[in-house]
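**Q** Please find the sequence and the predicted model below.
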Amino acid sequence: MRTLVGVAMALAVALGGYVAFSPRTTLPLAESRISVDTMNLNGIAWTAAGIVIAGELGNILVSADEGAHWTPARMQLQRYAAITRLVFVDAKHGFAFGHEGMILRSSDGGLNWEEMSFDKEKGVPYMAAARLPSGEWLAVGAFGRAARSHDDGRHWQAATLTPEFEDLHYNGLASTADGNRWLLVGEAGTLLRSADGGKEWKKVAPFYNGSLYGAVHLGDKAWLAYGMRGHIFRSVDDGLTWSAVPMQGPVSLHAHHLFADGRLLLLGQGGMVLESRDQGQSFQPLRRGARETLTGMLVLPDGNWLLASSAGLRRQAPPGASAPAAAKAGA
């Protein structure tokens, strides 16, 4: 009996080994793709390649058909660090800035990207960047960090913008059309001015203790700054002094779009879109009630809006148009 049991156990072990190591057919995996309908987006831009969007996990996608279909851009290295800002200076040349000090460079409209900077251990998120009139690049971000490049973004060096360094987040950069005058906005009401093309920066006397996320030049000496809980401020003396603009609804504002005719849109939490037709003196809501936070927009040739958000890409007919109010933008 013991012999039979031993033989049976030996056969069982042998059969298990045969099954474990024998060749087998692997079922094909389902096709995977990045859905722009749910992707957290922080950047959107027109380029020679079409429309470029960027955001979570370092994803950059390109559409050559106005958002109907999307193709992942080719990356030198895929880091999976969130991209916070896209900046294109012309139809072909641009940068993507992100977490962990990541800086990517493209010279073909966003189809291909080279890595210029990345530091997983000491890198901080870059929140805004711009090319100055001198050709130098300036990038700013969390904890008061700033970096400059003198060779078109190929190499970057740490920079200090003001003698009194403060450990506060820098969130946005804005300039006049000629690039001679600049504003930098940030945490705790931080606002810096430059009147020499971004070479030297001076701090403006505090007028607000909350975060500012963006600013826009409205012509002549008029500027607008906006940020946390719907706070909007306007200056008519080139950013020296500021006054609050009345706004209904305490939703944070994160981006803007300025039309050629002077109309200004502010975008933010709750899918909010505010419109001003009087150079930022007053605003009226055009869109609200959605769950996403809007981070940017483009106007398509047919007049519809393409909205980037924390919950994906949306195609939006302008309020008052006959098209549906909102739709998903494609996959």
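**A** Yep, it's here.
**Q** Where does the prediction get shaky in the stretch 201-331 of the chain?
**A** 321-331 (pLDDT under 70).
**Q** Now with 50, please.
**A** 323-326 (pLDDT under 50).
**Q** What's the separation between residue 191 and residue 167?
**A** 17 Å (C-beta to C-beta, to the nearest Å). (C-beta placed from N, C-alpha, C; glycine too.)
**Q** Of those two, which one has the most company?
**A** A direct count of neighbours by other C-beta atoms under 10 Å for residue 191 and residue 167 places residue 191 higher, at 23 against 9.
**Q** so which strand or helix has the residue nearest to residue 156 when sequence neighbours are not counted?
**A** The shortest distance from residue 156 to any non-neighbouring residue, by C-beta to C-beta, 6 or more residues apart in numbering, is to residue 147 (4.4 Å). Using DSSP states H and E, residue 147 sits in strand 146-149.
**Q** cool, residue 265 as well?
**A** In this assignment (DSSP H and E), residue 265 forms part of strand 264-268.
**Q** Which neighbouring elements make contact with that strand?
**A** Secondary-structure packing of strand 264-268 (3 or more C-beta pairs under 8 Å, 6 or more residues apart in numbering; DSSP states H and E): strand 253-258, strand 273-276, strand 294-299.
**Q** ok, back up a step: count residues in the vicinity of the residue nearest to residue 156, would you?
**A** Residue 147, neighbours per other C-beta under 10 Å, totals 21.
**Q** Then the one 4 residues further on?
**A** By other C-beta under 10 Å, 10 other residues sit near residue 151.
**Q** And it, how far from residue 137?
**A** 9 Å.
**Q** contacting residues for the closest residue to residue 198 other than its chain neighbours?
**A** Excluding the flanking residues, the one nearest residue 198 by C-beta to C-beta, 6+ apart is residue 132, at 4.1 Å. Counting by C-beta atoms under 8 Å, 6 or more residues apart in numbering, residue 132 makes contact with 138, 179, 182, 197, 198, 199.
**Q** Same question for the residue positioned nearest the centre of the chain, what's its three-state structure.
**A** Geometric centre of the chain, nearest residue: residue 42, 2.8 Å, by C-alpha atoms, centre = their mean. Using DSSP: H, G, I helix; E, B strand; the rest coil as the criterion, the local structure at residue 42 reads strand.
**Q** same deal with residue 213?
**A** strand.
**Q** ok, now residue 57?
**A** Residue 57 ends up helix, using three-state DSSP.
**Q** I'd like the distance between it and residue 51.
**A** Distance, residue 57 to residue 51, using C-beta to C-beta: 19 Å.
**Q** Run through the helices of the chain in chain order.
**A** Residue ranges of the helices in the chain, as given by DSSP state H, are 2-21.
**Q** picking up where we left off before, quick one: distance of the strand holding residue 265 to the chain centre.
**A** 15 Å (C-alpha atoms, centre = their mean, to the nearest Å).
**Q** Tell me which strands it pairs with, and in which orientation.
**A** Partners of strand 264-268 in the sheet, by DSSP bridges, are strand 253-258 (antiparallel), strand 273-276 (antiparallel).
**Q** Looks like residue 190 contacts residue 168 (just checking).
**A** Yes. With contact defined as C-beta atoms under 8 Å, residue 190 counts as touching residue 168 (5.3 Å).
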